[in-house]
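# sequence isn't available, so here's the structure alone:
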């Protein structure tokens, strides 16, 4: 029986995504799933690049979900074409759709990920150490999220990298870096930019930055993607992500996440608002997702923070 993707309540599924793996790999174990899945991870000794396989254990007509708040750069290769998927990636809403063949998704380190998909879906995922992939193109070459686009060449490069990670050969590190550089170029091309812009152009005029900040402040409780922020600045998404980090010291995704946490801290001071209401008003979706994100950044749950704040009055 086919999955009626248009009828899927992704928010409900994601709010209940509480199963966490225990592979011993910190980045993998930070993921949350709606239901248990089979996971296997192998890490390349010389480079630290990891290959993670995931296989869902549900029936084809069921839906499951996976989420993360922060993690390493990850390239996701879903298994097969026509898979139903819906959710949010890097702060942008992923409308209900079925994936084309050779689909890839790319999550930079600071991009959140919360998607619902068929419960029997599998995937191959490459996990890159902080700065490794972008560093192959130059220190200012930040890569933007890719929300499941089709690219057979990137898929082929990823599969060769996974094979090398699992069975390293002679000069394995050099081979992996060569494949990684080609893969990074492929990801950049998917964002519409082939070559990096000169370093002397890496700046963001104050008036452009003000427009972006105003946009963020006005939409902390709504969907907000990289393309929206780049449009406010009048720049391409790729160029914007680079100049924004140079101007603020944070990636766009980290900046939005911090502002949402700041908004939540403000709202938690109002005892008339429930935790769920604060979660929605600060753009965190469900209370469970909000609690996890807040605990990661602040070091305590929203309830504990509220009690502490009210006690100081």
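Good, I have the coordinates. Just so it is clear, the model here is predicted, and its values are computed rather than measured.

# okay, now the unreliable bits of the stretch 201-313 of the chain?
201-202, 237-238 (pLDDT under 70).

# what residues sit buried inside stretch 131-147?
Within stretch 131-147, the residues scored as buried using 16 or more other Cβ atoms under 10 Å are 132-137, 141-147. Placement of C-beta: from N, CA and C, glycine included.

# same question for stretch 304-313.
Buried, per 16+ other Cβ under 10 Å, within stretch 304-313: 305, 306.

# which stretches of the stretch 51-200 of the chain form strands?
63-68, 73-78, 84-89, 92-98, 103-107, 113-118, 122-128, 146-150 (DSSP state E, counting those that start in this stretch).

# where does pLDDT dip in the stretch 1-150 of the chain?
1-7, 91-92, 138-142.

# could you dump the strands of the stretch 51-200 of the chain to TSV with distance to residue 15?
Formatted as TSV, the strands of the stretch 51-200 of the chain follow (distance: least, Cβ to Cβ, whole Å):
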stretch	distance to residue 15
strand 63-68	9
strand 73-78	22
strand 84-89	12
strand 92-98	16
strand 103-107	20
strand 113-118	10
strand 122-128	22
strand 146-150	21
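
# and those: which comes nearest residue 224?
Smallest distance to residue 224 across the strands of the stretch 51-200 of the chain (Cβ to Cβ): 7.6 Å, for strand 92-98.

# what sits up against that closest one?
By Cβ atoms under 8 Å, 6 or more residues apart in numbering, the surrounding residues in contact with strand 92-98 are 5-6, 8, 81-88, 115, 145, 147-148, 223-228.

# now list the buried members of the residues you listed.
Buried subset of the contacts of strand 92-98 (neighbour count, 16+ other Cβ under 10 Å): 5, 8, 83-88, 115, 145, 147-148, 224-228.

# now the helices: where do they sit in the stretch 201-313 of the chain?
206-218, 226-233, 237-248, 252-267, 275-281, 287-298, 302-311 (DSSP state H, counting those that start in this stretch).

# what is the fifth one packed up against?
Right, helix 275-281. helix 252-267, helix 287-298, helix 302-311 (3 or more Cβ pairs under 8 Å, 6 or more residues apart in numbering; DSSP states H and E).

# relative to helix 287-298, how tilted is the shortest one?
So the one you mean is helix 302-311. Orientation of helix 302-311 against helix 287-298 (axes from the mean of the first three to the mean of the last three Cα atoms, to 10 degrees) gives an angle of 60 degrees.

# and helix 302-311, what other elements does it pack with?
Applying 3+ Cβ pairs under 8 Å, 6+ apart, we find helix 302-311 packed against helix 275-281, helix 287-298.

# dump the helices and strands packed on helix 275-281 to CSV, plus distance to residue 104.
Formatted as CSV, the helices and strands packed on helix 275-281 follow (distance: least, Cβ to Cβ, whole Å):
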stretch, distance to residue 104
helix 252-267, 19
helix 287-298, 25
helix 302-311, 35
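
# for this protein, longest helix please?
Longest helix in the chain by number of residues (criterion: DSSP state H): helix 172-190.

# identify each buried residue in that helix, please.
Of all the residues in helix 172-190, those buried under the rule 16+ other Cβ under 10 Å are 172, 176-177, 179-180, 182-188, 190.

# ok now that helix, how far from the chain's centre?
Centre-to-centre, helix 172-190 and its host chain are 20 Å apart (Cα atoms, centre = their mean, to the nearest Å).
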